[in-house]
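Novice: when you get a sec, could you give me coordinates for this:
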Amino acid sequence: MPGIGSAGGFKGSFDSDEAFFIFSSFHTPVTVYRYAVTANSYQVWAEPSLDTNLDDVVVEQRFYASKDGTSVPMFVVSRSSITGPAPTMLYGYGGFGIAIVPFYNAMQMAWVEQGGVLAIANIRGGGEYGRAWHQAAQFGKRQNAYDDFIAAAQFLLDERISSEDGLVIQGESNGGLLVGVVTNQRPDLFAAALPGVGVMDMLRFHQFTGGALWVADFGSPDVEEHFNSLLAYSPYHNIGAGTDYPAILVTTADTDDRVVPGHSFKYVAALQAASLGDKPRLIRIETRAGHGADIPLDKIIALYADQLAFAAHWAGLTVQP
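Specialist: All right, here's what the predicted structure looks like:
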């Protein structure tokens, strides 16, 4: 392959010596390659043009130990000129058996373009190592995913990848839940948190729209055993009043019918009502938009601009002109 990335869409015919596939990575938009079968070689056939040069961006895979000793993989992306601690954005998901594989994300690369570091933690709950990796953070084992993410943050700080007061965490949907949980559990680690369209009330999620479907991963609040484990980490129910919290920008959309915006409304209201220090706890509500993919391009650009500006301010990232 051309590097650390994801390939797919292989197409060819039995009577042809050529085939085509697509490849993408954190620093490579979706590119079409032509593969010559007899020569066993490939070359770029079609690629998009960018307004920035990402040739000096380096993608590494690192491994770190979680709380229980489990080895967890993490991708670290930065410009080659970044040789010391820098403001870092840590992203995670960790649920429903979904593997977070390398792919191009314009928001994340805008952060790297400005001199920040991007880290993607492949925590348990996802499908990176198959079904067992998924099941290791299902139901009452959900804390494993949160321990993995906290350990990723600690690794970035200990290895001096992230600057001391420059670590930002970001996630959406189940990843928004992840950000809410770890912010409650280790607020001291983070300069800012960006929980997007998150599941924040783990005792009532099953009562709205498609929430009942998530019982297969979270467990049911109507079952005592599951109720107790859900209550233990539910972001809305575990805000640590009297503790200094990072700056938080919650994002949601008013017509999100997958994770209803009421989760975010209640969560940010609880944050603002608690004594959590001087940093802001804000909410950004997009109008006439849904859950992620349901947002028009102009609204996505505006959302990314607000999130990146907020993160850069609190992490100390100096934006280049």
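
Novice: just the strands in the stretch 101-250 of the chain please.
Specialist: Along the stretch 101-250 of the chain, the segments classed as strands by DSSP state E, counting those that start in this stretch run 117-121, 162-172, 192-196, 247-253.

Novice: reformat the ones you listed as JSON lines; add mean pLDDT and distance to residue 50.
Specialist: Backbone N, C-alpha and C define where each C-beta goes, glycine included. As requested, those are exported to JSON lines (pLDDT from 0 to 100; distance: least, Cβ to Cβ, whole Å):
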{"stretch": "strand 117-121", "mean pLDDT": "98", "distance to residue 50": "16"}
{"stretch": "strand 162-172", "mean pLDDT": "97", "distance to residue 50": "22"}
{"stretch": "strand 192-196", "mean pLDDT": "98", "distance to residue 50": "24"}
{"stretch": "strand 247-253", "mean pLDDT": "97", "distance to residue 50": "26"}
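
Novice: dump those into TSV; add distance to residue 137 as well.
Specialist: Putting the strands of the stretch 101-250 of the chain into TSV (distance: least, Cβ to Cβ, whole Å) gives the following:
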stretch	distance to residue 137
strand 117-121	12
strand 162-172	14
strand 192-196	18
strand 247-253	23
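
Novice: output those in a markdown table, with mean neighbour count and distance to residue 100 appended to each entry.
Specialist: Written out in a markdown table, the entries for the strands of the stretch 101-250 of the chain read as follows (neighbours: other Cβ atoms under 10 Å; distance: least, Cβ to Cβ, whole Å):
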| stretch | mean neighbour count | distance to residue 100 |
| --- | --- | --- |
| strand 117-121 | 25 | 6 |
| strand 162-172 | 23 | 10 |
| strand 192-196 | 27 | 15 |
| strand 247-253 | 24 | 19 |
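
Novice: so which of the ones you listed gets nearest residue 101?
Specialist: Ranking the strands of the stretch 101-250 of the chain by distance to residue 101, with Cβ to Cβ as the measure, places strand 117-121 first at 9.3 Å.

Novice: what bits of the stretch 201-321 of the chain have low per-residue confidence?
Specialist: Along the stretch 201-321 of the chain, the parts satisfying pLDDT under 70 run over 293-294, 321.

Novice: so residue 161 is in contact with residue 88, correct?
Specialist: Yes: distance between residue 161 and residue 88: 6.2 Å, which falls inside the contact criterion (Cβ atoms under 8 Å).

Novice: any common contacting residues for these two?
Specialist: Applying Cβ atoms under 8 Å, 6 or more residues apart in numbering, one finds that residue 161 and residue 88 are jointly contacted by 117, 119.

Novice: neighbour count winner among these two?
Specialist: Legend: neighbour count by other Cβ atoms under 10 Å for residue 161 and residue 88, higher for residue 88 (26 against 22).

Novice: grab the nearest non-local neighbour of that one.
Specialist: Of all residues beyond its chain neighbours, the one nearest residue 88 is residue 162 (3.6 Å), with distances taken as Cβ to Cβ, 6 or more residues apart in numbering.
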